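[1] no FASTA, just this:
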Ligand code: KG4
Ligand code: ZN
């Protein structure tokens, strides 16, 4: 079964063609980062307009580079939410028109479930049941996944998402938007133990997160030490120490959640899954060395927003006859 996937929930217009929910025939991502960069964050109205401009060429490119004809597509899957309403409407409406015109089924994909499926697209996917940390610009959620349709939310952020904290600290250091990758790069030149930023573990045994405290601590440090004037060395120490604290909490809570559920397989997905300090920390766990736990990561190209993960989730929904109707709407907020 060949599925066309479409993603337009935020600032990436993406389309992909995936066969049998596993084999990526093409994955095209048109990023709007250059446009939003000068505003220091995503401007929703601009995002919608850019999606409108990009959606047709991006879908055409995905179909062409998959080496198939439109008639060979058996179903279309598009992100239905959560995300920016105007942005979602572009991709979802395009998918509705495509499904209607081609007479194929339509699946409305939850973006968060899509991210979970990015790990199932890896060369070594986790077996059920597994625990997964979904850490992106909008979410920091821990799930216990027991089957294709059962995702138990174990914990989530009570304030900022992990990626959002990276973005805000990058902004404070004058590094622009988005911040994750630039903080990671700058951190390589700094000392992760130079500054002791707070690590919020919340109540004992809680699987929730909180990153607003560390964000304020970084802001205070910058203010008190006039860091921007002090130049690169201190900024690198701030980036490294901030990254150290955030990735410590993410790694500890993920491993604790896996132990709590007694699973063998655990995973990370979302933009923050690209962070190599986090990956290093998880891989250096003694539990991996003793083979008690096995870590699964999406390929780096599928950590951020993409349509291959949407097509993979859509394949499952379509196979289960869990279709969307042409009068179904998008949604901005949800949880799974
Ligand atoms: O999954 P994603 O592309 O979009 C959302 O659904 O939000 O995640 C984007 C987020 C941004 O906040 C970005 O700063 C963060 O992921 N990110 C990173 C890295 N690359 C992207 N955070 C830490 N380290 C990275 N290397
Ligand atoms: Zn995302």
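    The structure has been received and is ready for your questions. This is a predicted model, so every value here is computed, not measured. Ligands and ions are numbered 1, 2, ... in the order given.

[2] can you list the residues of the stretch 51-200 of the chain near ligand 2?
    By the rule C-beta under 5 Å from the ion, the part of the stretch 51-200 of the chain lying against ligand 2 is residue 136. To be clear about C-beta, it is placed using only N, CA and C from the backbone, and glycine gets the same treatment.

[3] What of the stretch 201-336 of the chain?
    Applying C-beta under 5 Å from the ion, we find that the stretch 201-336 of the chain lies next to ligand 2 at residue 305.

[4] ok, the residue of the stretch 51-200 of the chain found nearest ligand 2 to residue 120 distance?
    Closest residue of the stretch 51-200 of the chain to ligand 2, C-beta to the ion: residue 136 (4.5 Å). The spacing between residue 136 and residue 120, counted by C-beta to C-beta, to the nearest Å, is 17 Å.

[5] again with residue 32
    From residue 32 to residue 120 the distance is 27 Å (C-beta to C-beta).

[6] give me every residue that touches residue 220.
    Neighbouring residues of residue 220 by C-beta atoms under 8 Å, 6 or more residues apart in numbering: there are none.

[7] can you map out the strands along the stretch 51-200 of the chain?
    75-81, 106-110, 130-135, 140-147, 150-156 (DSSP state E, counting those that start in this stretch).

[8] Hmm, the residue of the stretch 51-200 of the chain closest to ligand 2 is touching residue 275, no?
    No - contact criterion C-beta atoms under 8 Å: residue 136 and residue 275 do not qualify, at 11.5 Å.

[9] Residue 247 - how many residues pack around it?
    25 (other C-beta atoms under 10 Å).

[10] Could you tell me the average pLDDT over whichever strand or helix holds it, please?
    According to DSSP states H and E, residue 247 maps onto helix 232-261. Helix 232-261 carries an average pLDDT of 95.

[11] what's the answer for stretch 66-77, then?
    For stretch 66-77, the per-residue pLDDT averages 98.

[12] Need the residues that contact that stretch.
    Contacts of stretch 66-77 (C-beta under 8 Å, 6+ apart): 1-6, 17, 25-26, 63, 95, 98-99, 102, 104-109, 310-311, 313-315, 317-318.

[13] Now the buried members of these.
    2-6, 17, 25-26, 63, 95, 98-99, 102, 104-109, 310-311, 313-315, 317-318 (16 or more other C-beta atoms under 10 Å).

[14] Can you give me the neighbour number for residue 193?
    There are 10 residues near residue 193, going by other C-beta under 10 Å.

[15] Same check on the one 4 residues further on?
    Other residues near residue 197 come to 20 when the count uses other C-beta under 10 Å.
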